[in-house]
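Undergrad: model this:
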Amino acid sequence: MIRLFPILFIVLWASAFVTSKAIVTDASPFAALSFRFGLVSVGFFLFCIFTNSKIILSLNDFFRASLIGICFHSLYLGGVFYAISENLSVGTTAIIVSLQPILTAIFAGPFLKEVVKWKQWIGIMLGFIGTLLVIGLDIGESIPIIGLIASLIGLTAITSGTLLQRKIGGNIPLATSNLYQAFSAFIFLLIITTLFEKSFINFSTNFILSIGWQVIFVSFGAFTILQYLINTGTASRTATLFFLVPPVSVVMAWLFLNEKMTIVDISGLTIATLGVYIATRK
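TA: Next comes the predicted model:
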(Lines give C-alpha, C1' and ligand atoms only; values in the text may rest on other atoms or scores of the structure.)
Protein backbone atom coordinates (compact mmCIF):
# COMPACT_ATOMS: atom_id res chain seq x y z
CA MET A 1 0.00 0.00 0.00
CA ILE A 2 2.81 2.42 0.89
CA ARG A 3 4.25 1.94 -2.61
CA LEU A 4 1.02 3.40 -4.00
CA PHE A 5 1.24 6.55 -1.87
CA PRO A 6 2.92 8.71 -4.59
CA ILE A 7 0.24 7.81 -7.17
CA LEU A 8 -2.57 8.32 -4.67
CA PHE A 9 -1.09 11.66 -3.62
CA ILE A 10 -0.87 12.93 -7.21
CA VAL A 11 -4.48 12.01 -8.00
CA LEU A 12 -5.89 13.50 -4.80
CA TRP A 13 -3.77 16.67 -4.99
CA ALA A 14 -4.73 17.22 -8.64
CA SER A 15 -8.41 16.85 -7.77
CA ALA A 16 -8.11 19.93 -5.56
CA PHE A 17 -7.58 22.18 -8.59
CA VAL A 18 -10.76 20.91 -10.25
CA THR A 19 -12.90 21.29 -7.11
CA SER A 20 -11.40 24.68 -6.19
CA LYS A 21 -13.03 26.24 -9.24
CA ALA A 22 -16.45 25.17 -7.97
CA ILE A 23 -15.69 26.36 -4.45
CA VAL A 24 -14.65 29.92 -5.35
CA THR A 25 -17.78 30.23 -7.49
CA ASP A 26 -19.94 29.92 -4.38
CA ALA A 27 -17.69 31.45 -1.70
CA SER A 28 -15.02 34.06 -1.16
CA PRO A 29 -11.64 32.27 -1.21
CA PHE A 30 -10.44 32.88 2.35
CA ALA A 31 -13.86 32.31 3.91
CA ALA A 32 -14.05 28.96 2.10
CA LEU A 33 -10.58 27.95 3.27
CA SER A 34 -11.27 29.09 6.84
CA PHE A 35 -14.44 26.98 6.87
CA ARG A 36 -12.52 24.03 5.41
CA PHE A 37 -9.73 24.09 7.98
CA GLY A 38 -12.15 24.63 10.83
CA LEU A 39 -13.66 21.27 9.87
CA VAL A 40 -10.23 19.73 9.34
CA SER A 41 -9.08 20.88 12.80
CA VAL A 42 -12.06 19.21 14.45
CA GLY A 43 -11.43 16.04 12.45
CA PHE A 44 -7.77 15.77 13.42
CA PHE A 45 -8.59 16.57 17.05
CA LEU A 46 -11.09 13.69 17.18
CA PHE A 47 -8.59 11.43 15.42
CA CYS A 48 -5.95 12.24 18.05
CA ILE A 49 -8.46 11.50 20.82
CA PHE A 50 -9.56 8.16 19.38
CA THR A 51 -6.01 7.00 18.65
CA ASN A 52 -4.58 8.28 21.96
CA SER A 53 -2.12 10.41 20.04
CA LYS A 54 -0.12 13.05 21.85
CA ILE A 55 -1.98 16.36 21.81
CA ILE A 56 0.02 18.68 24.07
CA LEU A 57 3.21 19.90 22.41
CA SER A 58 6.13 21.87 23.73
CA LEU A 59 6.01 25.57 22.88
CA ASN A 60 8.84 25.08 20.39
CA ASP A 61 7.07 22.25 18.56
CA PHE A 62 3.81 24.22 18.60
CA PHE A 63 5.43 27.14 16.80
CA ARG A 64 7.13 24.79 14.34
CA ALA A 65 3.89 23.04 13.42
CA SER A 66 2.04 26.36 13.23
CA LEU A 67 4.64 27.89 10.90
CA ILE A 68 4.52 24.89 8.56
CA GLY A 69 0.71 24.94 8.62
CA ILE A 70 0.53 28.63 7.71
CA CYS A 71 2.91 28.02 4.78
CA PHE A 72 1.14 24.92 3.46
CA HIS A 73 -2.51 25.66 4.17
CA SER A 74 -2.90 29.42 4.51
CA LEU A 75 -0.41 30.98 2.10
CA TYR A 76 -0.15 28.22 -0.51
CA LEU A 77 -3.85 27.37 -0.74
CA GLY A 78 -4.82 30.98 -0.13
CA GLY A 79 -2.69 32.00 -3.10
CA VAL A 80 -4.17 29.28 -5.31
CA PHE A 81 -7.79 29.98 -4.33
CA TYR A 82 -7.38 33.74 -4.66
CA ALA A 83 -5.65 33.42 -8.05
CA ILE A 84 -8.49 31.25 -9.40
CA SER A 85 -11.11 33.62 -7.95
CA GLU A 86 -9.38 36.44 -9.85
CA ASN A 87 -9.89 34.51 -13.11
CA LEU A 88 -6.39 33.14 -13.47
CA SER A 89 -7.06 29.86 -15.26
CA VAL A 90 -6.73 26.62 -13.32
CA GLY A 91 -4.08 25.43 -15.80
CA THR A 92 -1.93 28.55 -15.48
CA THR A 93 -2.22 28.47 -11.69
CA ALA A 94 -1.22 24.81 -11.66
CA ILE A 95 1.87 25.31 -13.80
CA ILE A 96 3.09 28.25 -11.72
CA VAL A 97 2.90 26.35 -8.44
CA SER A 98 4.35 23.27 -10.16
CA LEU A 99 7.65 25.14 -10.38
CA GLN A 100 8.08 24.10 -6.75
CA PRO A 101 10.37 21.11 -7.52
CA ILE A 102 12.91 23.41 -9.16
CA LEU A 103 12.97 25.82 -6.22
CA THR A 104 13.06 22.92 -3.75
CA ALA A 105 15.97 21.31 -5.56
CA ILE A 106 17.86 24.62 -5.62
CA PHE A 107 17.42 25.26 -1.90
CA ALA A 108 17.57 21.65 -0.66
CA GLY A 109 21.38 21.75 -0.87
CA PRO A 110 22.16 24.84 1.24
CA PHE A 111 19.11 24.53 3.53
CA LEU A 112 18.89 20.77 4.09
CA LYS A 113 22.38 19.65 3.04
CA GLU A 114 20.80 17.31 0.51
CA VAL A 115 22.77 16.32 -2.57
CA VAL A 116 20.66 16.69 -5.71
CA LYS A 117 22.16 14.24 -8.20
CA TRP A 118 22.49 14.82 -11.92
CA LYS A 119 19.78 12.26 -12.74
CA GLN A 120 17.38 14.17 -10.47
CA TRP A 121 18.14 17.39 -12.36
CA ILE A 122 17.40 15.56 -15.63
CA GLY A 123 14.11 14.30 -14.20
CA ILE A 124 13.22 17.77 -12.92
CA MET A 125 13.81 19.35 -16.33
CA LEU A 126 11.81 16.63 -18.14
CA GLY A 127 8.98 17.08 -15.67
CA PHE A 128 9.00 20.82 -16.23
CA ILE A 129 9.04 20.46 -20.03
CA GLY A 130 6.20 17.94 -19.94
CA THR A 131 4.11 20.20 -17.73
CA LEU A 132 4.72 23.16 -20.05
CA LEU A 133 3.54 21.10 -23.01
CA VAL A 134 0.32 20.08 -21.27
CA ILE A 135 -0.90 23.54 -20.31
CA GLY A 136 1.32 25.73 -22.45
CA LEU A 137 -1.70 27.07 -24.32
CA ASP A 138 -2.97 28.71 -21.15
CA ILE A 139 0.21 30.79 -20.86
CA GLY A 140 -0.81 32.84 -23.89
CA GLU A 141 -4.07 33.93 -22.31
CA SER A 142 -4.59 37.26 -20.58
CA ILE A 143 -3.14 36.86 -17.10
CA PRO A 144 -4.49 39.11 -14.33
CA ILE A 145 -1.59 40.64 -12.42
CA ILE A 146 -3.16 40.15 -8.98
CA GLY A 147 -3.82 36.50 -9.81
CA LEU A 148 -0.23 36.04 -10.96
CA ILE A 149 1.11 37.59 -7.74
CA ALA A 150 -1.17 35.37 -5.64
CA SER A 151 0.00 32.21 -7.41
CA LEU A 152 3.65 33.23 -6.96
CA ILE A 153 3.00 33.68 -3.23
CA GLY A 154 1.50 30.20 -3.24
CA LEU A 155 4.59 28.83 -5.02
CA THR A 156 6.93 30.42 -2.47
CA ALA A 157 4.80 29.17 0.43
CA ILE A 158 4.61 25.51 -0.64
CA THR A 159 8.36 25.46 -1.34
CA SER A 160 9.02 26.92 2.11
CA GLY A 161 6.58 24.50 3.72
CA THR A 162 8.27 21.50 2.09
CA LEU A 163 11.72 22.59 3.23
CA LEU A 164 10.52 23.43 6.75
CA GLN A 165 8.67 20.13 7.12
CA ARG A 166 11.83 18.25 6.21
CA LYS A 167 14.04 20.49 8.37
CA ILE A 168 12.05 20.97 11.58
CA GLY A 169 8.79 19.02 11.36
CA GLY A 170 9.89 15.39 11.21
CA ASN A 171 10.14 14.86 14.99
CA ILE A 172 6.53 15.87 15.69
CA PRO A 173 3.98 12.99 15.61
CA LEU A 174 2.16 13.14 12.27
CA ALA A 175 -1.41 13.27 13.61
CA THR A 176 -0.52 15.92 16.18
CA SER A 177 1.39 17.96 13.63
CA ASN A 178 -1.60 17.87 11.27
CA LEU A 179 -3.89 19.04 14.07
CA TYR A 180 -1.83 22.10 14.92
CA GLN A 181 -1.10 22.90 11.28
CA ALA A 182 -4.78 22.84 10.42
CA PHE A 183 -5.77 24.86 13.50
CA SER A 184 -3.11 27.53 12.89
CA ALA A 185 -4.29 27.79 9.28
CA PHE A 186 -7.91 28.14 10.45
CA ILE A 187 -7.04 31.03 12.80
CA PHE A 188 -4.82 32.75 10.20
CA LEU A 189 -7.43 32.44 7.44
CA LEU A 190 -10.23 33.56 9.77
CA ILE A 191 -8.31 36.77 10.47
CA ILE A 192 -7.65 37.31 6.74
CA THR A 193 -11.27 36.79 5.68
CA THR A 194 -12.54 39.03 8.50
CA LEU A 195 -10.18 41.92 7.78
CA PHE A 196 -9.50 41.84 4.05
CA GLU A 197 -12.42 40.44 2.06
CA LYS A 198 -16.19 40.56 1.82
CA SER A 199 -16.81 37.10 3.22
CA PHE A 200 -19.63 34.96 1.89
CA ILE A 201 -20.43 31.27 1.49
CA ASN A 202 -23.31 29.94 -0.57
CA PHE A 203 -23.96 26.42 0.67
CA SER A 204 -24.99 25.08 -2.71
CA THR A 205 -24.81 21.40 -3.62
CA ASN A 206 -21.63 22.01 -5.65
CA PHE A 207 -19.99 23.83 -2.75
CA ILE A 208 -20.89 21.16 -0.19
CA LEU A 209 -19.68 18.31 -2.41
CA SER A 210 -16.47 20.14 -3.41
CA ILE A 211 -15.52 21.31 0.09
CA GLY A 212 -16.41 17.88 1.47
CA TRP A 213 -14.09 16.26 -1.06
CA GLN A 214 -11.26 18.64 -0.17
CA VAL A 215 -11.71 18.13 3.57
CA ILE A 216 -11.78 14.34 3.46
CA PHE A 217 -9.62 13.37 0.50
CA VAL A 218 -7.22 16.31 0.18
CA SER A 219 -6.68 17.65 3.71
CA PHE A 220 -6.99 14.30 5.52
CA GLY A 221 -5.70 12.12 2.69
CA ALA A 222 -3.30 13.84 0.30
CA PHE A 223 -1.66 16.16 2.80
CA THR A 224 -1.00 13.37 5.30
CA ILE A 225 0.58 11.31 2.51
CA LEU A 226 2.68 14.32 1.49
CA GLN A 227 4.04 14.77 5.01
CA TYR A 228 4.82 11.05 5.21
CA LEU A 229 6.70 11.16 1.89
CA ILE A 230 8.69 14.24 2.94
CA ASN A 231 9.59 12.75 6.32
CA THR A 232 10.67 9.40 4.86
CA GLY A 233 12.37 10.63 1.68
CA THR A 234 14.24 13.68 0.46
CA ALA A 235 12.54 17.02 -0.09
CA SER A 236 13.79 17.36 -3.67
CA ARG A 237 12.69 13.85 -4.69
CA THR A 238 9.24 14.22 -3.14
CA ALA A 239 8.72 17.68 -4.63
CA THR A 240 9.27 16.28 -8.13
CA LEU A 241 5.91 14.51 -7.83
CA PHE A 242 4.26 17.92 -8.17
CA PHE A 243 5.20 18.01 -11.86
CA LEU A 244 2.52 15.35 -12.46
CA VAL A 245 -0.21 17.36 -10.76
CA PRO A 246 -0.98 19.80 -13.64
CA PRO A 247 -1.10 17.07 -16.34
CA VAL A 248 -3.34 14.90 -14.17
CA SER A 249 -5.52 17.96 -13.51
CA VAL A 250 -5.92 18.35 -17.27
CA VAL A 251 -7.00 14.71 -17.57
CA MET A 252 -9.53 15.19 -14.76
CA ALA A 253 -10.89 18.32 -16.43
CA TRP A 254 -11.28 16.31 -19.64
CA LEU A 255 -13.13 13.52 -17.82
CA PHE A 256 -15.35 15.55 -15.50
CA LEU A 257 -15.61 19.04 -17.02
CA ASN A 258 -15.63 18.07 -20.72
CA GLU A 259 -12.53 20.12 -21.44
CA LYS A 260 -10.55 19.05 -24.51
CA MET A 261 -7.31 17.08 -24.31
CA THR A 262 -5.00 17.07 -27.33
CA ILE A 263 -2.13 14.90 -28.51
CA VAL A 264 0.19 17.59 -27.12
CA ASP A 265 -1.37 17.07 -23.67
CA ILE A 266 -0.83 13.32 -23.90
CA SER A 267 2.78 13.83 -25.02
CA GLY A 268 3.43 16.24 -22.15
CA LEU A 269 1.93 13.84 -19.64
CA THR A 270 4.20 11.07 -20.93
CA ILE A 271 7.33 13.26 -20.71
CA ALA A 272 6.42 14.49 -17.22
CA THR A 273 5.83 10.92 -16.07
CA LEU A 274 9.24 9.88 -17.41
CA GLY A 275 10.86 12.84 -15.64
CA VAL A 276 9.28 11.97 -12.31
CA TYR A 277 10.33 8.33 -12.69
CA ILE A 278 13.95 9.31 -13.38
CA ALA A 279 14.09 11.79 -10.49
CA THR A 280 12.43 9.59 -7.87
CA ARG A 281 13.63 6.06 -8.62
CA LYS A 282 16.29 4.65 -6.33
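Undergrad: poorly predicted segments of the stretch 101-250 of the chain, please.
TA: For the stretch 101-250 of the chain, the stretches flagged by pLDDT under 70 are 108-116, 131, 134-143, 169-170, 233-240.
Undergrad: ok, which stretches of it are helices?
TA: Using DSSP state H, counting those that start in this stretch, the helices of the stretch 101-250 of the chain run over 118-139, 145-168, 174-196, 205-213, 223-232, 235-239, 245-256.
Undergrad: out of those helices, which gets nearest to V264?
TA: Shortest distance between V264 and those, using Cβ to Cβ, is found for helix 118-139: 5.6 Å. Backbone N, C-alpha and C define where each C-beta goes, glycine included.
Undergrad: just to revisit the earlier point, as a markdown table, the helices of the stretch 101-250 of the chain with mean neighbour count would be great.
TA: Shown next, in a markdown table, are the helices of the stretch 101-250 of the chain (neighbours: other Cβ atoms under 10 Å):
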| stretch | mean neighbour count |
| --- | --- |
| helix 118-139 | 19 |
| helix 145-168 | 21 |
| helix 174-196 | 21 |
| helix 205-213 | 16 |
| helix 223-232 | 19 |
| helix 235-239 | 27 |
| helix 245-256 | 21 |
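Undergrad: looking at these, which is nearest to S20?
TA: Among those, the nearest to S20 by Cβ to Cβ is helix 205-213 (7.7 Å).
Undergrad: what packs against that closest one?
TA: Identification of packing neighbours for helix 205-213 by 3 or more Cβ pairs under 8 Å, 6 or more residues apart in numbering; DSSP states H and E yields helix 5-26, helix 29-50.
Undergrad: residues in contact with the residue in the chain sticking out farthest from the centre?
TA: Most distant from the centre of the chain: N52, at 28.1 Å, with distances by Cα atoms, centre = their mean. Going by Cβ atoms under 8 Å, 6 or more residues apart in numbering, N52 touches no other residue.
Undergrad: what about it, which SS state?
TA: coil (DSSP: H, G, I helix; E, B strand; the rest coil).
Undergrad: how much space separates it from K119?
TA: 43 Å (Cβ to Cβ, to the nearest Å).
Undergrad: same question, A182
TA: For A182, the distance to K119 equals 36 Å [Cβ to Cβ].
Undergrad: next: G79.
TA: Taking Cβ to Cβ, one finds G79 at 31 Å from K119.
Undergrad: what of I146?
TA: Going from I146 to K119 by Cβ to Cβ gives 39 Å.
Undergrad: ok, now K54?
TA: 39 Å.
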